[in-house]
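Undergrad: Okay, predicted coordinates and the sequence, questions at the end:
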Amino acid sequence: MRNFHSSWQGTLSLLLCLAALPVLPLLAADAATPFSSGTTFVIFILIAAAAAISFMNLPATPCAAILFFAAHAAAWLLLAGISGNEGSAAASFFILLAAAWLLAWRCVSILSAIRVKSTADSYTLRLLIPVIFGVWIIIIWEAVTRGAGIPFILLPPPSAIGARIAGSISILWTDVQQTIFRSVLIGYIIGCSSGFVVAILADRFAFLRRGLLPIGNLVSALPIIGVAPIMVMWFGFDWQSKAAVVVVMTFFPMLVNTVAGLAAAGSMERDLMRTYASSYWQTLLKLRLPAAAPFIFNALKINSTLALIGAIVAEFFGTPMSGMGFRISTENGRLNLDMVWAEIAIAAVAGSVFYGIVAIVERMVTFWHPSIRGGQT
């Protein structure tokens with residue numbers, strides 16, 4: 001028994017394969033192009049063989065590679081077979097899809113347990129695991145929408161969204177320039193930098209700290225849909241009003257986090273600086289700002305998503321004939337749901353990239369912090 005170990009995902013995959021046999025075929029009888037017996041056999045072999053291999057005491061890397069290949073090959077065959085047969089999937093189709101998903105789950109579990117020594121392998125694993133999760137969200141989304149015949153107006157499949165993105169590159173690029181490169185970036189820079197400067201002043205002068213922080217809590221509770229039309233009235237319909245909304249949304253998170261971070265330095269360290277007769281600014285630059293760095297980057301990461309949300313929502317209340325919020329609003333009125341989802345997908349990718357850049361800079365700047373040395377983000 002030393003050559004075998006338990007795998008509940010593999011056990012469930014085998015049980016699901018057995019459960020799918022009595023309810024074959026994979027598609028309804030009226031399907032235009034049903035699965036061939038050879039394709040169905042290959043899907044069963046891929047899932048059953050990989051599930052059996054998951055019980056074997058193999059090295060982690062080849063075992064994960066086998067499970068990865070089998071799970072995604074089976075899913076690809078299932079999705080290829082449902083193309084053109086929307087709404088015709090039988091119960092066995094979804095049962096085998098669940099079995100393939102369990103193999104991918106087992107693959108991710110094995111990858112998560114691998115301990116690597118090199119930095120490159122560590123980054124590869126940290127990227128591969130969430131990619132597998134994301135790919136399977138798309139696979140299940142595609143299979144359910146096409147297999148169950150969900151109306152396009154309710155939820156388009158990812159393939160339709162991808163096709164719309166590929167066919168609307170110029171429009172999407174114009175919207176990204178208007179929303180992200182103008183409204184988001186400019187508002188983000190102004191809001192974060194002004195919040196940081198005011199936090200330094202509030203730390204230096206107690207009356208500012210006691211007066212601004214309660215106001216910050218109040219302003220943070222203001223709804224975007226209330227602030228956005230006011231900014232449009234003040235600054236016009238172009239990107240300036242959207243940038244103003246972003247400034248309002250990002251200013252106070254940076255202020256509150258920076259003030260809290262400046263108070264994070266230990267009393268022993270402060271006493272040591274006073275022993276050396278350090279001035280306020282020397283203590284600030286050499287002790288308190290480094291101690292506040294994790295708090296500052298936390299605010300920057302929070303603001304990276306808040307800025308994008310604020311700019312998109314602000315564009316609902318008046319904008320030129322471009323912008324991600326403008327496009328979502330107008331295309332939703334025309335029931336072009338694939339274009340709406342395309343804009344949402346681009347916004348999600350842009351927000352993730354923005355957040356990732358800030359996180360990478362944080363690791364480079366605060367490499368000395370225990371959370372970074374311990375391998376946490």
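TA: Perfect, I can see it now.
Undergrad: can we go C-alpha only for contacts and neighbour counts from here?
TA: Fine.
Undergrad: Please name the nearest non-neighbouring residue to A148.
TA: Closest residue to A148 apart from its sequence neighbours, by Cα to Cα, 6 or more residues apart in numbering: G87 at 4.5 Å.
Undergrad: Am I right that that neighbour falls within a helix?
TA: No: membership of G87 in a helix is not supported by DSSP: H, G, I helix; E, B strand; the rest coil, which gives coil.
Undergrad: Next, the contact list for it, please.
TA: Residues in contact with G87, defined by Cα atoms under 8 Å, 6 or more residues apart in numbering, are R146, G147, A148, G149, I150.
Undergrad: now swap in K286 and tell me
TA: Here K286 is in contact with no residues (criterion: Cα under 8 Å, 6+ apart).
Undergrad: And it, what's its pLDDT?
TA: Here the pLDDT value assigned to K286 is 73.
Undergrad: any idea how far S279 is from it?
TA: According to Cα to Cα, to the nearest Å, K286 and S279 sit 11 Å apart.
Undergrad: try L27
TA: Separation of L27 from S279 (Cα to Cα): 77 Å.
Undergrad: Identify the structural domains in the chain and state their residue ranges.
TA: 8-150, 165-373 (automatic domain parsing).
Undergrad: could I get those as TSV with distance to P157?
TA: Shown next, in TSV, are those (distance: least, Cα to Cα, whole Å):
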stretch	distance to P157
domain 8-150	5
domain 165-373	9
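Undergrad: Of those domains, which shows the lowest average pLDDT?
TA: domain 165-373 (a mean of 83).
Undergrad: Neighbour count for L27 and S279, which is higher?
TA: Between L27 and S279, counted using other Cα atoms under 10 Å, the more crowded position is L27 (23 against 10).
Undergrad: That one against E86, yeah?
TA: No: counting by Cα atoms under 8 Å, E86 is not a contact partner of L27; they are 9.8 Å apart.
Undergrad: how much space between the residue positioned nearest the centre of the chain and S304?
TA: Centroid-nearest residue in the chain: S352, 5.3 Å away (criterion: Cα atoms, centre = their mean). Distance, S352 to S304, using Cα to Cα: 9 Å.
Undergrad: Ok, L154 next?
TA: Distance from L154 to S304, by Cα to Cα: 30 Å.
Undergrad: These two: which is more packed in?
TA: S304 (25 against 10).
Undergrad: now the helices for the stretch 101-250 of the chain?
TA: 119-147, 158-167, 169-176, 185-204, 206-220, 224-235, 239-262 (DSSP state H, counting those that start in this stretch).
Undergrad: which of the ones you listed is buried the deepest?
TA: Mean neighbour counts were taken over the helices of the stretch 101-250 of the chain using mean count of other Cα atoms under 10 Å, and the top value, a mean of 26, falls to helix 239-262.
Undergrad: Could you check how far stretch 249-267 is from the centre of its chain?
TA: With Cα atoms, centre = their mean, to the nearest Å as the basis, stretch 249-267 stands 25 Å off its chain's centre.
Undergrad: Tell me which stretches of the stretch 1-150 of the chain form strands.
TA: In the stretch 1-150 of the chain, no strands are defined using DSSP state E, counting those that start in this stretch.
Undergrad: hang on, A89 packs against G147?
TA: Yes: here A89 reaches G147: they are 4.7 Å apart, a contact under Cα under 8 Å.
Undergrad: tell me, what's touching the two both at once?
TA: In contact with both A89 and G147: I82, using Cα under 8 Å, 6+ apart.
Undergrad: okay, the helices of the stretch 101-250 of the chain in TSV with distance to H5 next?
TA: Formatted as TSV, the helices of the stretch 101-250 of the chain follow (distance: least, Cα to Cα, whole Å):
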stretch	distance to H5
helix 119-147	22
helix 158-167	37
helix 169-176	49
helix 185-204	52
helix 206-220	52
helix 224-235	54
helix 239-262	48
